[in-house]
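**Q** Mind folding the following:
(5 chains, ligands or ions: 4)
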Amino acid sequence: MSLLRLRRLTKSFGGLTAVHNVSFDVNVGSIVGLIGPNGAGKTTVFNLITGIYQPDQGEILFNNTSLLGLRTHRIIGLGIGRTFQTIRLFQSLSVLENVLAGCHCRMRSGAFAAMLGLGRHRREEKEALEQAMNALAFVGLDKNPLQPAKNLSYGNQRLLEVARALATQPKLLILDEPAGGMNEQETEALIELIRRIRSRGITVLLIEHDMNLVMRVSEKIVVLEHGSCIAEGTPWEIKANPRVIEAYLGTEED
Amino acid sequence: MEEFFQQLTNGLAVGGIYALIALGYTMVYGVLKLINFAHGDLFTIGSYLGLTLLTSLALTDRLGPAAGIAVLALMVMGLVALVGALLERMAYRPLRQSPRLSAVVSALGASIFFSNTVMLIYGARFQVYPQGILPKTAIELFGLYIPLVRVLILGSSVVMMVALYTFIQRTKIGTAIRAAAIDQDAARLMGIDVNRVILLVFLIGPALGGAAGLMVGLHYGQINFTMGWVYGLKAFTAAILGGIGNIPGAMVGGLLLGVIEALGAAYLSVAWKDAIAFGVLIFILIVRPTGLLGERVAEKV
Amino acid sequence: MLQLVDLHVKYGQIEVLHGIQITVNPGEIVTILGANGAGKSTTLLTISSLVKPSKGAVMLEGAPLHKLPPHEVVRRGVAHVPEGRRIFGTLTVQENLNLGAFTRNDTARIHQTLDWIYELFPILAERRRQLAGTLSGGEQQMLAIARGLMSQPRILLLDEPSLGLAPLLVKTIFQTIRNINASGVTIVLVEQNARAALKLAHRGYVLEVGRIVLEDSAQGLLANPDVQKAYLGGA
Amino acid sequence: MLIYGAVAVALAVSPLFLNAYWTDVLNNIGLYAALGLSLNLIVGHAGLFNLGHAAFYAVGAYTAAILNTHFHIPILVLMPLCGLTAGLFALIVARPIIHLRGDYLCIVTIGVGEIVRIALINNVFGITGGANGIFGIARPNLFGWVVRKPHEFFYLIWGFVAVTAFFFHRLENSRFGRALNYLREDETAAEGSGIDTAHYKLMAFVLGAAWAGMVGNIYAAKMTIIAPESFSFWESVIMFTLIILGGSGSIPGVLLGAFLVVGLPEVFRGFTNARMMIFGAAMIAMMIFRTGGILPARPRRYTVPDRHLAEESA
Amino acid sequence: QADTIKIGLMGPMTGPWASEGQEMKQVLDLLAADLNAKGGVLGKKVEVIADDDGGDPRTAALAAQRLATQGIVAVIGTYGSSVTEATQNIYDESKIIQIANGSTAIRLTEKGLKYFFRTCPRDDEQGRVAVQTMAKLGFKNVAILHDNTTYAKGLADEAKGLLESQGTKIVFFDALTPGERDYTAILTKLKGANPDVVFFTGYYPEAGLLLRQKKEMNWNVPFIGGDATNNPDLVKIAGKDAAQGFYFLSAPLPKDLPSPEAKSFLDEFKKKYGSTPNSIYAVLAGDGFRVITAAMQATQSTDVDKLAAYLHTKLKDFAGLTGKISFDEKGDRVGEVYRVYKVDAEGNFILQP
Ligand SMILES: Nc1ncnc2c1ncn2[C@@H]1O[C@H](COP(=O)(O)OP(=O)(O)OP(=O)(O)O)[C@@H](O)[C@H]1O
Ligand SMILES: Nc1ncnc2c1ncn2[C@@H]1O[C@H](COP(=O)(O)OP(=O)(O)OP(=O)(O)O)[C@@H](O)[C@H]1O
Ligand SMILES: [Mg+2]
Ligand SMILES: [Mg+2]
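**A** Ligands and ions are numbered 1, 2, ... in the order given. Next up is the predicted model:
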């Protein structure tokens, strides 16, 4: 059963068609990789899914509801969590508060409840704190939750983004180059993490240029070039696809 | 119809001065992302310095009107540029790494400091430029009556705008200024001396403000120590209207603001003139959130 | 040629480099390996004088670089392609490249360099009028590298040049680095892709929490079991 | 905490030792402190560059003045209504402009402030009294206690400040307060974490404005005459300045800022002519001395569940 | 018990009207020094305690609080009507006599405050004189321009009502924004309305610019100004050419006062400060000072109730610097105060018969 369904998605900027007629499905519980040369339109696809851009044409269905025209925060509320290609943390806020941002959309109490210090509000705050700490523990960042996010090293900032996205309690998690700036050892840990996320019942869609990671975690891979889908299949199929080799992978020499 | 065109020329003359001040505003903003609230007071200082130099050196008597005013303008621009550079050094440079709004407060402090210093030196009373320095000639055209001075004001604003635009867009230093505006450290890695660039901007912007101050003094005759606040606010409005940081935008914004004010006064209500101008501004910003010529924000996620 | 002598660097109160010694000989490619947060980027920033050492010195051919402002360092022929690209988002691709050549005055030669750059990265030629901020992540990375090359430096500092680049392009970039080096440019390379970096480099240093723990020829490091375990994904 | 308690006690007994003038200076400081706290929500927490806050203050003050002079409704009874009208007004004007960025928003708020002031001067709807303003506003009457003298107002005003600080402190440390900080830090990231940024920006405006409207009510009661010049651009500038100077986003900072910005010129009064010049220079000096404000906001405190702390020590 | 008698002065020492306030202080300092040289009042020296109202109501309220704590018997000032208004209650509640010098708004004395007086006339009287003058000069179509300040709007409304009631046509009625430099848009619009005369009720800086720019536009319509245009700087701003022929209303200028008091005062002022006072309001502040000290002398008391009663009923035709002074039961100055002046080619203000 498909959780996310993209149909004939098209988006252009000025004269440039960044995404052209892209269709693919992401099945419930699967890990799907989205790859392609630089500028192929991968990030743009993510931005279309999360409502940062509106498609010129096409259809995006999540759990059979259309996402077209919805603002980003609504889409997140429906159960899609995301990370950004260039890290976008709340740099001067604490690690914990970054994750609490993710909890926000699952909380209800408003300004007046807070001002009056209602019990409901206090209970909710406590729960959120608990959940945020759990998310941090899940990615292994719960050691020093009150330090500002900017003090984390690059790789840990990426993990923090993942924790924040997890705190929104997504059904689908989309990751844009999560391994960027990580060394091989750290990438190994990330692979482990992605598998654990999936085993919690969360579907994952990811962009990555690290082929080691993509090939090992994905069940399905979609390849974009110049905005269009040029291949779709299992890692083995993709690795062997001459078009993908020519456009993206290059020949293995070592 | 005749009245309409007359009002249009009235508006353009006022707008020319707004534009000139707005150019300086926009330049400084462009590089430091700082709303330099003291810019209006540099304008005031320009007009007071102009008065002092004019009366004490008697330049126009010695050199004749045209040359006299030209020399005067250069002196005023030079001195105000110096004050501007000093301002940058004392009030803004120490705050370069701090939150943006802190620098805004420093700018407000500088504005208070300057205007009250002028008051202490020159007194609270209005000061008056000597009469008859500028030619009283007027052009009569299709029933319109346009004093020559106004054409000169408008003309010099346009000339300065074009010169500045060419400088910023076409020269290497200009590109360096724009780069420093975006990311100072990255600009340093290109070999750009960012402090020099900022200093340069704080020489050019205030010089333009000073020139505008002199113009106002010569043309309108009457100056006082609080006028910079009003002109500064108008120029800021003009800069935003055109898209802040954008040089032709400042020009367009300034002229447009002048015209809106004149036409608003003429056809709607004099008393509501400023409210009308702000109303139009707000409307334009709702339609075009970064001003008329403002660049789109190139931010990609 | 370039020498870091007992370099200590602090951010605020916290010291992140604790006395680093690195020597780079003319014509070499030297790579610095290290985990996240080890201080690799900080080292490069100190060389280009954007960050000032609290103790120690950076010497270029015997002259202290750390006493110069960053723009002077560039004039001495040191180009730095920084972490996180730092391209000028609201300027066009072309203007970004022009700024790379800010310190040069030989207009004719600049055009030659530009042609070479466009040949190297054809996509940039296509996008030369586009605002750099709207480029894709990888395109921005190419632009950052290209901009660094525009100054025709004697020493090139590269901070994770392969970040976010597609596999094919990573190969191209590494080949380019090799070519540039062959043309006589000295290179200091910081890379997460340690294997590729070591294949390219002549020598390497391993940095751990602000200290140099290992220094060897590239082959030596590739063969070192500790290095293999920590940076080359085991075995 | 101890220091704050001591300061609060000292403040509470101060009217006993001060003459009417200095008590009235404290009253003015209190009014600006309350205004500063309300603007702090918008500028300090949500990071929205608002230089037109006086408009909302004016709406509250005029609502109080008009209803009190026309219908003789006791002025303090009108306080919730003043908040409501100011908040509603903010909702209406802020909705179309809330998406504007930084300095564009700034000029629009200045514009709104000026439009309101000009409308008041021009006696809009024939009810604002034009440049004369509205006079003859009745003194507040609290259960038979008529508030008239400066030290009587002192307790009314500072009582209101205390309540404000208490409420806003709780608000800061809640989901609402955090949401404002998220959008200040990075709007795209906030939206991408599931926060309705437009809604929260609007709510910051509305709540801040409503509070300023209530302060307007107290101001009208204190002055018994209000006129447009009390709601000029300069007023907005003062409110803004005191926040940044004191420490944006920090309640103690804003209170201290009110003391500095409103109190210092009074202290410099001895210098008559040079007073404002010195004040301007002092503003620059203070900003350079503490670039983030004198008492900058401190990180929020959380009691992290023990489970995680245990791991830390392990 | 106190060894001096303290009299407050509240004026705009800073802000847009700072020049007015500073001159008020000069006048009072001079008069007090004079008086003290002659032995003071009730055997005590008089001390003037000046405070700054900044030309703004809230600053004024603070200044009033401050003055009220300093043991003053009376306060002179201030200039602007809305500024005065913000302080009236404070002085009244503290039982301090207030004698305003420039606040002409009608309502200030309509509140029944026992301790409030003013040496300047009211707007309604000025309005009446203005309308009489316009009728005398034979103007049929009148344009009225004010600046939306309390004072100017009040005067404009007053004149408008009177003119309309006698059937004169008002062809223009609007307000300019004070503090600007360019009024050509308004002048162009005014010209389009084709009036016989323009009555400008605002202040001299704007009046000067209006005259100057009107001249530059080559438009020769007569202008009449209210008493806020009475200031020699008007001619400096407008230039003699442009100012020539401008009419304005004012309390008689010091130079036109034949009284020996005025003459000697002016001489002394010039001796001390180098020039004669610019503002009639500064001189009116001086009259406030002289009236209150005279009342103390006459009643041999500093009791405010006695003083107020004396000023309301007993003081008759006191020889003030600006003419004879008496107060009615509201605290208003009685008698015709306003005169009409015209600017001649030399820029002198000539009293019209
Ligand atoms: N806002 C925009 N305005 C103009 N062009 C854009 C914009 N966003 C993206 N583009 C262009 O669309 C193309 C696709 O960009 P996108 O970021 O989706 O690439 P990508 O596949 O994520 O590449 P990478 O792997 O390098 O991150 C690029 O060529 C880019 O220049
Ligand atoms: N501006 C800064 N302020 C405070 N601490 C900083 C700053 N920049 C870096 N650090 C800290 O200094 C240390 C070294 O950082 P640096 O960026 O040099 O590491 P790196 O080796 O380049 O890591 P990465 O591989 O993640 O890029 C880290 O602990 C980091 O948290
Ligand atoms: Mg991408
Ligand atoms: Mg790094």
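
**Q** Is residue C:104 in a helix, a strand, or coil?
**A** Classification of residue C:104 using DSSP: H, G, I helix; E, B strand; the rest coil returns coil.

**Q** meant to ask about residue A:91, not that
**A** State at residue A:91, reduced to three classes by three-state DSSP: coil.

**Q** Then residue C:20?
**A** Classification of residue C:20 using three-state DSSP returns strand.

**Q** before we move on, what about residue C:33?
**A** Classified using three-state DSSP, residue C:33 is strand.

**Q** And for residue A:206?
**A** Residue A:206 ends up strand, using three-state DSSP.

**Q** where are the low-confidence patches of the stretch 51-200 of chain B?
**A** Within the stretch 51-200 of chain B, no range satisfies pLDDT under 70.

**Q** Which residue ranges of it form strands?
**A** B:127-128, B:138-141, B:144-147 (DSSP state E, counting those that start in this stretch).

**Q** contacts for the shortest one?
**A** Taking contacts as Cβ atoms under 8 Å, 6 or more residues apart in numbering or on different chains, the residues outside strand B:127-128 that touch it are B:48, B:51, B:221-224, E:233, E:236-237. Where C-beta positions appear, they are placed from N, C-alpha and C, glycine not excepted.

**Q** Out of the residues you listed, which are close to chain C?
**A** The subset of the contacts of strand B:127-128 within reach of chain C, by Cβ under 8 Å from any Cβ of the partner chain, is empty.

**Q** just checking, residue A:99 touches residue A:136?
**A** Yes: counting by Cβ atoms under 8 Å, residue A:136 is a contact partner of residue A:99 at 5.8 Å.

**Q** Which one of those two is surrounded by more residues?
**A** It is residue A:99, of residue A:99 and residue A:136, that has more neighbours when counted by other Cβ atoms under 10 Å in any protein chain shown, with 31 against 26.

**Q** That one and residue A:129, how far apart?
**A** Separation of residue A:99 from residue A:129 (Cβ to Cβ, to the nearest Å) stands at 10 Å.

**Q** circling back: which neighbours do residue A:99 and residue A:136 share?
**A** In contact with both residue A:99 and residue A:136: residue A:163, using Cβ under 8 Å, 6+ apart.

**Q** Contacts only, for residue A:23.
**A** A:6-9, A:58, A:229.

**Q** and with 7 Å instead?
**A** Applying Cβ atoms under 7 Å, 6 or more residues apart in numbering or on different chains, we find residue A:23 in contact with A:6-9, A:229.

**Q** can you check residue C:30 too?
**A** C:24, C:188, C:201-204.

**Q** Residue numbers of chain E in contact with chain B?
**A** E:16, E:18-19, E:22, E:148, E:174-177, E:179-182, E:184-186, E:188-189, E:192, E:205, E:208-209, E:212, E:216-218, E:233, E:236-237, E:239 (Cβ under 7 Å from any Cβ of the partner chain).

**Q** who does the helix or strand of chain A with the lowest mean pLDDT touch, helix- and strand-wise?
**A** Of all helical and strand segments in chain A, the minimum by mean pLDDT, DSSP states H and E falls on helix A:111-116, at a mean of 82. On a contact count with 3 or more Cβ pairs under 7 Å, 6 or more residues apart in numbering or on different chains; DSSP states H and E, helix A:111-116 meets helix A:119-139, helix D:150-172, helix D:175-185.

**Q** go with 10 Å
**A** With contacts taken as 3 or more Cβ pairs under 10 Å, 6 or more residues apart in numbering or on different chains; DSSP states H and E, helix A:111-116 sits against helix A:119-139, helix D:150-172, helix D:175-185, helix D:197-223.

**Q** Contacts for it, please.
**A** Under the contact criterion Cβ atoms under 10 Å, 6 or more residues apart in numbering or on different chains, helix A:111-116 has outside partners A:118-122, A:124-125, D:41, D:166-177, D:179, D:200, D:203-204, D:206-207.

**Q** Swap in 8 Å and give it another go.
**A** So helix A:111-116 is contacted by A:120-121, D:167-168, D:170-171, D:173-177, D:203, D:207 (Cβ under 8 Å, 6+ apart).

**Q** By neighbours, which of these wins?
**A** For the contacts of helix A:111-116, neighbours were counted by other Cβ under 10 Å; the highest total belongs to residue D:176, with 26 neighbours.

**Q** Excluding chain neighbours, give the residue nearest to that residue in space.
**A** residue A:111 (4.6 Å; Cβ to Cβ, 6 or more residues apart in numbering or on different chains).

**Q** Now do the contacts for residue E:324.
**A** Contact partners of residue E:324, counting by Cβ under 8 Å, 6+ apart, are E:317-318, E:335.

**Q** how near is the residue of chain C found nearest chain E to residue A:89?
**A** Residue nearest to chain E within chain C (Cβ to the nearest Cβ): residue C:90, separated by 35.5 Å. In this view, residue C:90 and residue A:89 are 23 Å apart by Cβ to Cβ.
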